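Peer 1: no sequence on this one, just coordinates:
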């Protein structure tokens, strides 16, 4: 039975929305450029200040240490104004609580993946929304969401890899008013606390996020009080148009008009076998618009791989994947200057398949591993654009992995350790990929000192994973290799993608090495885990080795400069064997200190032999050795 309480659903399907939309033709001609610069700088400052406040006051490791939280600033039409990081959206709050019913001091909370207009993808991401008032009217919205360590559900961490419905994933909160004119709804918080294994930590995190948003709302109101509503809103419009114009005039012309197709897979292990779920994309590029058609995507999964993206005209999806076009900027420095806000939504149109697919699932399909779909969409756009720009796009890197442990410590207290680990980024036509970067902006791996102080775990090793980056003229970045040794019998949990298919290589580059978790790799019985593990038993003293994905390589590996291959071997990023097998570089010991050097004559001969053995041209996009499987 598909029962949903979606207000004004018929209106939405008819092409209108139950939230205000910006009028056409807002005049920005008279905006003072100095005032505009002040307003834009103030918005960026408010966003950063809110994020810093959350970091300093939150309690959960996932938010405080790993930085898995985001902040967004929006105008009264729900349009995102800042581009420092991605965020949720306020549309669902406005849908259920029209602005004229809001009062100063109100705060709203939500995490329901099917009732948040595409803003929230899985239940751990509780999102707080604070309206900004000026002269008695709502003029803007401040939001923050964080990935909370536990929101209930069948397994600790609220991300069961074997979930078959949202009811197994935790407490679902539709948009509700948790503060009314400054008064906290204690009954609502009582329910939330009762549905988590970590009530004190979750309560502290919510207080942190809500109070930081309230502080940001005060700062935003000061901006309106200083310059007046008309001036500030004209500046908002100018900021949005600046983003639109940058993408339209600077980046999109570099993409050849036409149709381009690509598909990729999400992996899920079922009964020991890998099951692949396809996401398909056709990009139709015209001079003034990009149409993204996801028709042909596989039906929704009976596991937690679904992501309901087909709400609010796909606004969240557009703002999430559009930043990849910044790679088309003339220089990396210029790319770093380009922010992404609501302006990009004017340039994209999304065609969603009918209800019942991976990106259009029907409630109550589970969604806790929705990051896989979200990131595959980013990879898909990168793949089709690469075809349209002669390969001058980075190789793939977009994957994510959560690992952790739960059990009872030596004092008899329950513990839950969660961590988001990074991986290697893709090689680029002008540079190698970066090592051990995190797809969540500004996030980081959990420091060993924190882990060992807080949990009954020892971090035996944290290093770059040799040979994990895809070979190429420009090598893919390396992933992590991290070894944990639990001090008590416990369970390990894994939510990870790319365990079979590596991050793809571009323009002749090879795919990076996939993700792998191994229990007791030096013991008598080595156990390899899949990507979705709800609680594999681990005995005290056993090593759990986590190897994260490497980025794909860019360009022909046999064209890589031999001195760069030598440097990689000396630094431990590439093994001596891989230097020979992947790059055709022969190294020999030279000098009294047994230093390595390139044997140029044998290298040239080996590269000629390897080139002659090739059959046909190198692939434009390489999925790696897992593809034939």
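Peer 2: Now that the structure is in, tell me what you want to look at. Quick caveat: nothing in here was measured; it's all calculated off a predicted structure.

Peer 1: stretch 144-153: end-to-end distance?
Peer 2: Across stretch 144-153, the terminal residues are separated by 23 Å (CA to CA, to the nearest Å).

Peer 1: which positions in that stretch come out as buried?
Peer 2: 144-153 (16 or more other CB atoms under 10 Å). C-betas here are computed from N, CA, C, even on glycine.

Peer 1: same check on stretch 334-343?
Peer 2: 338-343.

Peer 1: farthest pair within these?
Peer 2: Longest distance between any two of the buried residues of stretch 334-343 is 14.4 Å, between 338 and 342; criterion CB to CB.

Peer 1: returning to what we had before: in TSV, list the buried residues of stretch 334-343 along with secondary structure and pLDDT.
Peer 2: Formatted as TSV, these follow (DSSP: H, G, I helix; E, B strand; the rest coil; pLDDT from 0 to 100):
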residue	secondary structure	pLDDT
338	coil	91
339	coil	88
340	coil	91
341	coil	94
342	helix	94
343	helix	94
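
Peer 1: longest single helix anywhere in this protein?
Peer 2: helix 199-227 (DSSP state H).

Peer 1: next SSE downstream of that one?
Peer 2: helix 229-246 (DSSP states H and E).

Peer 1: pLDDT (mean, whole number) over that next one?
Peer 2: The average pLDDT within helix 229-246 is 95.

Peer 1: then stretch 459-476?
Peer 2: The model assigns stretch 459-476 a mean pLDDT of 96.

Peer 1: for stretch 35-54, same thing?
Peer 2: On average, stretch 35-54 scores 95.

Peer 1: what residues sit buried inside it?
Peer 2: Applying 16+ other CB under 10 Å to stretch 35-54 flags 35-36, 39-40, 42-44, 46-47, 50-51, 53-54 as buried.

Peer 1: just the ones of the residues you listed in helices?
Peer 2: Using DSSP H, these in helices are 35-36, 39-40, 42-44, 46-47, 50-51, 53-54.

Peer 1: how about those residues, which pair is most distant?
Peer 2: Most distant of those, by CB to CB, are 35 and 54, 29.1 Å apart.

Peer 1: and the strands in the stretch 251-400 of the chain, which stretches?
Peer 2: Applying DSSP state E, counting those that start in this stretch to the stretch 251-400 of the chain gives strands spanning 258-270, 273-286, 289-293, 348-351.

Peer 1: so residue 305 sits right up against residue 357, yeah?
Peer 2: No. Assessed by CB atoms under 8 Å, residue 305 is found out of contact with residue 357, at 11.1 Å.

Peer 1: so these two - more neighbours on which side?
Peer 2: Taking neighbours as other CB atoms under 10 Å, residue 305 and residue 357 compare with residue 305 leading, 29 against 26.

Peer 1: per-residue confidence for that one?
Peer 2: Residue 305 is given a pLDDT of 92.

Peer 1: related to what we said a few turns ago, what is the nearest of the buried residues of stretch 334-343 to residue 578?
Peer 2: The closest of the buried residues of stretch 334-343, once distances to residue 578 are taken by CB to CB, is residue 338, at 35.5 Å.

Peer 1: so who does the closest residue to that closest one other than its chain neighbours touch?
Peer 2: Among residues not flanking residue 338 along the chain, residue 326 sits closest, at 4.9 Å (CB to CB, 6 or more residues apart in numbering). Neighbour list for residue 326: 251, 335-336, 338, 340 [criterion: CB atoms under 8 Å, 6 or more residues apart in numbering].
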